[in-house]
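Participant: Following is a predicted model, sequence given first.
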Amino acid sequence: MFEHIERVPGDAILGLIEAFKKDTNPQKVDLGVGVYRDTQGNTPVMRAVKEAEARLLKNETTKTYIGSHGAPSYGEVVLPMVFGAESPVLKANRASATQSPGGTGALRLAADFISTQLPGKGIWVSDPTWPNHHGIFTAAGIELHKYPYVDPDNRLDFDGMRAALKSIPEGDVVVLHACCHNPTGFDLSHAQWQEVLEIVRERKLLPLIDFAYQGFGEGLDEDAYGVRLLAENLDEAIITSSCSKNFGIYCERTGCLIMVAKDSEQMDNIRSQVAIVARENYSNPPAHGGAIVSEILHDPELTALWREELTEMRDRINTLRRDFVEALKPYGLDEKYACVAEQRGMFSYTGLTPEQVDRLRDEFGIYMVRSGRANVAGFSHENLPYLAKAIAAVND
Ligand code: LMR
């Protein structure tokens, strides 16, 4: 039965974790998978999370199922985080939250919802996008197309994006990154979001907004600009949100599928379908991550502590972006890599070629995705001089 099954290469991003572990170079640097790292290169548990977990452990009375939509107390705090507490979308009961196993789980729910409820609709992703978008939507049987996002000089290609969006067939789904575009780090300006809104409305497209990095770009509210603009001005939208990253609870897989509908009645119809999709995938989501988020966001003191810690992470990343470019100055490469200081979030599309990335790995023990995507959180003031030297060497 299994004789014909061939071995395939592992996931390009997750494979870097193993490859990095095996490398014995004492100066090795991990710029691979998108997890935050502190000055020591660790991914610590946030203080607010530790405190919330202590309380949960003490007060927990049951481990019974939490239902296909997850814990209502989780949805209650995620929706205002995403839309803003005073959002007209929430006031009109037009949004519904379904707790999911990570942002990835939310994407899979969205994909299955689209393939079952909107059969025949194509889906459009940016070129490039997070590679798993391709896998998830294709696995759900949806026809995948690309729209341009970056030009050959490694800049945001909004002209190309605009032109492509205008030619998408009516009713198709367009995947947008709310902030901290993965893998490029190039985000849309407010004026560009406005244009996207107009095209989406005119072409009657369905936006699916991937919101995995809220708080890592400019701030919790600032990063939600595009999501809020579209949700408030369109009848329908899908948002896949994640708390795995901004609460640093990666392994707890804490995401949320948010469906925005025209009115509360349509909302209830959609919600009933999403429950079936969740049931058929994994029945009920894991509870712990959502419980942590809910514990923190229902408590003003823990919320303040969490916001402070998130701000520290964001500021550190943005400082390192500028210092990286500064470190390249002595090599005359600061202009070439100036985009790194302008991009936002954990990732930078550096412009390094796959061959240069291979050399960085083989000669210097520096690991990043072959597309040239670097996890900027892997920079540190200790490794910046080494990184700059290595990048200069592969530019020779
Ligand atoms: C990444 O892009 O590195 C993260 O989103 C982790 C992942 O699952 O790929």
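Facilitator: Yep, that arrived.
Participant: where's the closest residue to the ligand within the chain, which helix or strand?
Facilitator: Scanning the chain for proximity to the ligand using CB to the nearest ligand atom identifies Gly34 as nearest, at 3.1 Å. Just so you know, the C-beta spots here come from the backbone N, C-alpha and C atoms, and that holds for glycine as well. According to DSSP states H and E, Gly34 maps onto no helix or strand at all.
Participant: Starting from Ile292, give me the distance back to it.
Facilitator: 20 Å (CB to CB, to the nearest Å).
Participant: Who has more neighbours out of the two?
Facilitator: Comparing Gly34 with Ile292 by other CB atoms under 10 Å, the one with more neighbours is Ile292, at 29 against 24.
Participant: Secondary structure element holding the more buried one?
Facilitator: helix 288-297.
Participant: Who are the contact partners of Arg37?
Facilitator: 30, 43, 375, 377-378, 380 (CB atoms under 8 Å, 6 or more residues apart in numbering).
Participant: So which residues on the protein come close to the ligand?
Facilitator: 13, 33-34, 130, 132, 182 (CB under 6 Å from any ligand atom).
Participant: Could you save those residues as JSON lines and add columns showing pLDDT?
Facilitator: Shown next, in JSON lines, are those (pLDDT from 0 to 100):
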{"residue": "Ile13", "pLDDT": "91"}
{"residue": "Val33", "pLDDT": "94"}
{"residue": "Gly34", "pLDDT": "92"}
{"residue": "Trp130", "pLDDT": "97"}
{"residue": "Asn132", "pLDDT": "97"}
{"residue": "Asn182", "pLDDT": "97"}
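Participant: Format those as a markdown table; extra columns: distance to Asp334.
Facilitator: Shown next, in a markdown table, are the residues of the chain next to the ligand (distance: CB to CB, whole Å):
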| residue | distance to Asp334 |
| --- | --- |
| Ile13 | 28 |
| Val33 | 27 |
| Gly34 | 25 |
| Trp130 | 28 |
| Asn132 | 33 |
| Asn182 | 25 |
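Participant: and those, which are buried?
Facilitator: Among the residues of the chain next to the ligand, the ones that count as buried by 16 or more other CB atoms under 10 Å are 13, 33-34, 130, 132, 182.
Participant: By mean pLDDT, point me to the weakest helix or strand of this protein.
Facilitator: Ranking every helix and strand in the chain by mean pLDDT, DSSP states H and E puts helix 15-22 at the bottom, with a mean of 93.
Participant: Can you give me the buried ones in that helix?
Facilitator: For helix 15-22, using 16+ other CB under 10 Å, the buried residues are 16, 20.
Participant: what's the burial count for the residue nearest to Val260 when sequence neighbours are not counted?
Facilitator: Spatial nearest neighbour of Val260, excluding adjacent residues (CB to CB, 6 or more residues apart in numbering): Ala237 at 4.2 Å. The number of residues packed around Ala237, counting by other CB under 10 Å, is 23.
Participant: and what of Glu326?
Facilitator: For Glu326, the neighbour count with other CB under 10 Å is 13.
Participant: Could you do the one 3 residues further on as well?
Facilitator: Lys329: 11 surrounding residues under other CB under 10 Å.
Participant: Give me the mean pLDDT for stretch 59-69.
Facilitator: Averaging pLDDT along stretch 59-69 yields 96.
Participant: returning to what we had before: need the contacts of Arg37 in CSV (columns: neighbour count, secondary structure and pLDDT).
Facilitator: CSV is the format used below for the contacts of Arg37 (neighbours: other CB atoms under 10 Å; DSSP: H, G, I helix; E, B strand; the rest coil; pLDDT from 0 to 100):
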residue, neighbour count, secondary structure, pLDDT
Asp30, 22, strand, 95
Thr43, 13, coil, 94
Asn375, 25, strand, 97
Ala377, 23, helix, 95
Gly378, 24, helix, 95
Ser380, 18, coil, 95
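Participant: need the residues you listed in a markdown table with distance to Gln356, can you?
Facilitator: Converted to a markdown table, these look like this (distance: CB to CB, whole Å):
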| residue | distance to Gln356 |
| --- | --- |
| Asp30 | 17 |
| Thr43 | 26 |
| Asn375 | 17 |
| Ala377 | 21 |
| Gly378 | 17 |
| Ser380 | 21 |
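Participant: Please tell me how far the residue lying closest to Tyr74 once chain neighbours are set aside sits from Arg279.
Facilitator: Closest residue to Tyr74 apart from its sequence neighbours, by CB to CB, 6+ apart: Gly290 at 3.7 Å. For Gly290, the distance to Arg279 (CB to CB) stands at 17 Å.
Participant: So for the two, which sits in the more crowded spot?
Facilitator: Just comparing Gly290 and Arg279: by other CB under 10 Å the higher neighbour count belongs to Gly290, 28 against 12.
Participant: Does the more buried one touch Pro72 like I think?
Facilitator: No. Using CB atoms under 8 Å, Gly290 is not in contact with Pro72; the gap is 10.1 Å.
Participant: Buried residues, stretch 231-251. List them.
Facilitator: So, applying 16+ other CB under 10 Å, buried residues of stretch 231-251: 231-232, 234, 236-250.
Participant: Any chance you could give me that stretch in CSV, C-alpha atoms only?
Facilitator: Listed next in CSV are the C-alpha coordinates belonging to stretch 231-251 (Å, rounded to 0.1, in the frame of the first residue of the first chain):
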residue,chain,number,x,y,z
ALA,A,231,-14.6,45.9,8.2
GLU,A,232,-16.3,49.2,8.9
ASN,A,233,-16.8,49.9,5.2
LEU,A,234,-17.7,46.6,3.7
ASP,A,235,-20.5,44.2,4.3
GLU,A,236,-18.3,41.1,4.5
ALA,A,237,-14.8,40.2,5.4
ILE,A,238,-12.8,37.4,7.0
ILE,A,239,-10.0,38.0,9.4
THR,A,240,-7.6,35.5,10.8
SER,A,241,-6.1,36.8,14.0
SER,A,242,-3.4,35.4,16.2
CYS,A,243,-2.5,35.8,19.8
SER,A,244,0.3,33.2,19.5
LYS,A,245,2.9,35.9,18.7
ASN,A,246,1.8,39.0,20.5
PHE,A,247,1.4,37.1,23.8
GLY,A,248,4.5,35.0,23.0
ILE,A,249,2.5,31.7,23.4
TYR,A,250,3.5,30.1,20.2
CYS,A,251,3.2,26.5,21.3
